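Engineer: Structure of the sequence below:
(one chain, ligands or ions: 1)
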Amino acid sequence: MSKDNHRTIIVGGGMSGITAAVYLARAGHDVLLLEKNKECGGLLNSFQREGFTFDAGARSILNAGIIHPMLRELDIELEFLESPVSIGIENDIINLTPENAVDEYRKLLERLYPESAEDIKVVISKIESIMKDMQTMYKIDNPNFREQKDGAYLKQLLGWLPGFIRVLGRMGKQSEPVESYLAKLTSNQSLIDIIAQHFFKKTPTSFALGYFYSYTDYIYPRGGTGELPKALVQKIIEFGGKIQTETEITGVNPSEKEVRDKNGNTYSYDTLIWSADLKTLYRILELNNFEEKDSQEILEQKELLLSKRGCDSVYSLFVGVDAPLEEFSSKSNGHFFYTPSKQGLGETHWSELDSLIENFETKSKDDILQWLDKYCQLTTYEISIPAFRDPTLAPNGKTGVEISMLFEYDLLKKVKDANWYEEFQSEVENRMLDVLSNSIYPSLRDKVLFQSSSTPLSIAKIVGTSEGAIVGWSYLSPVPVVDNLRKIPSSVLTPIPNVYQTGQWAYSPAGLPTAIITGWNAAQKIIKKKK
Ligand SMILES: Cc1cc2nc3c(=O)[nH]c(=O)nc-3n(C[C@H](O)[C@H](O)[C@H](O)COP(=O)(O)OP(=O)(O)OC[C@H]3O[C@@H](n4cnc5c(N)ncnc54)[C@H](O)[C@@H]3O)c2cc1C
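Structural biologist: Predicted coordinates for the structure are as follows:
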């Protein structure tokens, strides 16, 4: 057992922790980043199997006016490739470009639901106005990530600022869940579902419909999405920061200013940045030496956080296919949202799923598999093919395909407790392959070289994220953190002395851009404090 002294300790080497570390290390701070896994990256990483590269986390990276300027400022050279998106419903597939995205989507919906053409126009005009706001937000390099502000940029910034402030105001007012918002515009439930089921349950409207802008702003690092955290990690080391992997923190003692890993080693800090699951932080917090009055606020925060749940999780299938890229590129772009049926999920993922989970013990395997059949036929798949962007990511003549769908952690947990997790996994994998072979990829089933999957339970275990969540807190009840872009700088504050929080649990709605922004904000607060 050892004891180590560090000025700033960062727990969690996902994108938010890495971002905080790189800025602190660049400012000359003594930084130690502790990560439980062998590699940093968290929910942004790539892995290799049999000559194929797969992205296990986010399938593409939203530039959001952040990635390019950040890498430029940090002097990181990373080549990005285009990552255009397609949307498909049944046999109708559209390829999105920044110029045509909304118009093509409108035409697609009108072809599928001609009876709702008028409602579709109203929905589309809403998407258009949110897209305009997103364009305003992201159209220039984010000033936080562009330190070299030359005359031309300053001029651009001054012109942009008033519009940006107006957008912030509008965005804050559009937090109604997307499902109920759409229900005010149309009574066609299939239409509502087909739009809303791309997103997490009850996603705020501005965030959900803003995805139509995001679809046109995705970029892809040559070599896979995992190249981004890798490049940042290298930079942290270059700046003199330290990274210790395979170190899981299991105790935080704020009165001693110490964290402890699972082997009993302790690490002293002046400042701690918690960049991992927030419920874990409060569960392992040791408050024994605290005065009651000092711990009150922390205990209230603990109670609040532990009463909340993580957002939807995802079930992913990674498949090596013995077929050339052309077999897939003739259908869509390499990042593809595909729904095999225009019917929409309806109650399959609401009351039917809730009832299945609640009454799990009284249900037979057949009941559960019947629900699974329906879910797999009606849900929306995010399909990603890394070699579309970078052909070196699959052996010649073969294609690696990533297929994922949103999936409920609690159902899998019950299945696991009932001891048929492995069997259930292969039932899910088979259904995903069958549905796609019976629709968009007729020969997929017969050409599978190998397959493996990641589930909400494996995500929870590997990344240590509550309920396997991939974007922080569930929207099903009010989120327990800052959820207004104007207040994002304060999202990193905690009631625990000398402890900051960053990442998907610090701000909602979450994702890669806000993970990076919160990491940056925590670093700036510490740098300013030292100055
Ligand atoms: C399939 C998929 C698709 C996605 N698509 C998108 C998308 O299109 N757009 C978007 O914006 N976002 C997307 N995301 C979400 C995005 O990737 C994450 O929200 C973001 O990467 C979270 O970064 P983070 O740093 O907050 O947390 P994480 O990535 O969760 O990092 C936390 C880190 O902490 C480590 N850790 C946990 N506990 C401990 C401990 N006790 N001690 C030490 N280390 C610990 C973990 O191992 C992990 O490395 C997607 C995610 C997935 C999985």
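Engineer: hey, let's count contacts and neighbours off CA atoms from now on
Structural biologist: Will do.
Engineer: near the ligand, which residues of the protein?
Structural biologist: 11-17, 34-37, 40-44, 57-59, 247-250, 275-277, 463-464, 470-471, 503-504, 510-513, 515 (CA under 6 Å from any ligand atom).
Engineer: Narrow these to those in helices?
Structural biologist: Mapping the residues of the chain next to the ligand onto helices (DSSP state H) picks out 15-17, 463, 512-513, 515.
Engineer: tell me the two of those residues that are most distant?
Structural biologist: 463 and 513 (18.5 Å; CA to CA).
Engineer: quick one: which of the residues of the chain next to the ligand sit in strands?
Structural biologist: 11, 34, 249-250 (DSSP state E).
Engineer: Most neighbours among those residues, please name it.
Structural biologist: residue 11 (27 neighbours; other CA atoms under 10 Å).
Engineer: tell me the contacts of that one?
Structural biologist: Taking CA atoms under 8 Å, 6 or more residues apart in numbering, we find residue 11 in contact with 17, 33-35, 249, 272-276.
Engineer: OK, contacts around whatever residue of the stretch 251-400 of the chain ends up closest to the ligand?
Structural biologist: Nearest residue of the stretch 251-400 of the chain to the ligand (CA to the nearest ligand atom) works out as residue 276 at 4.1 Å. Residues near residue 276 by CA under 8 Å, 6+ apart: 11-14, 464-465, 502-503, 505.
Engineer: Export the ones in strands among the residues of the chain next to the ligand to JSON lines and append columns for pLDDT.
Structural biologist: Shown next, in JSON lines, are those (pLDDT from 0 to 100):
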{"residue": "11", "pLDDT": "98"}
{"residue": "34", "pLDDT": "98"}
{"residue": "249", "pLDDT": "98"}
{"residue": "250", "pLDDT": "98"}
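Engineer: where does the closest residue to residue 188 other than its chain neighbours fall, phi/psi-wise?
Structural biologist: In space, and not counting its chain neighbours, residue 188 is closest to residue 116: 7.2 Å by CA to CA, 6 or more residues apart in numbering. Residue 116 has phi and psi values of phi -110, psi 30 when expressed as degrees, to the nearest 10.
Engineer: so residue 116 makes contact with residue 122?
Structural biologist: No: with contact defined as CA atoms under 8 Å, residue 116 does not count as touching residue 122 (10.2 Å).
Engineer: what domains does the record give for the protein?
Structural biologist: 3-59+225-308+476-530, 81-218, 312-466 (automatic domain parsing).
Engineer: out of the ones you listed, deepest packed?
Structural biologist: Stretch with highest mean neighbour count among those: domain 3-59+225-308+476-530 (a mean of 20; mean count of other CA atoms under 10 Å).
Engineer: Would you pull up how far that one lies from the middle of the chain?
Structural biologist: Mean-position distance between domain 3-59+225-308+476-530 and its chain equals 16 Å (CA atoms, centre = their mean, to the nearest Å).
Engineer: now do stretch 440-452
Structural biologist: Distance, centroid of stretch 440-452 to centroid of chain: 27 Å (CA atoms, centre = their mean).
Engineer: likewise stretch 191-201?
Structural biologist: Worked out by CA atoms, centre = their mean, stretch 191-201 lies 17 Å from the chain centre.
Engineer: CA atoms only for it - export them in PDB, please.
Structural biologist: Extracted in PDB, the C-alpha atoms of stretch 191-201 (Å, rounded to 0.1, in the frame of the first residue of the first chain):
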ATOM      1  CA  LEU A 191     -45.800   9.600 -36.600                       C
ATOM      2  CA  ILE A 192     -45.000  10.700 -33.100                       C
ATOM      3  CA  ASP A 193     -43.300   7.500 -32.300                       C
ATOM      4  CA  ILE A 194     -41.300   7.300 -35.500                       C
ATOM      5  CA  ILE A 195     -39.800  10.800 -34.700                       C
ATOM      6  CA  ALA A 196     -39.500  10.400 -30.900                       C
ATOM      7  CA  GLN A 197     -38.100   6.900 -30.700                       C
ATOM      8  CA  HIS A 198     -34.700   8.000 -32.100                       C
ATOM      9  CA  PHE A 199     -34.200   9.700 -28.700                       C
ATOM     10  CA  PHE A 200     -34.200   8.800 -25.100                       C
ATOM     11  CA  LYS A 201     -37.500   8.700 -23.300                       C
END
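Engineer: Other residues contacting that stretch?
Structural biologist: By CA under 8 Å, 6+ apart, stretch 191-201 touches 109, 113, 178-179, 182-183, 186, 208, 311-312, 337, 339, 342-346, 379-380, 406, 474-476.
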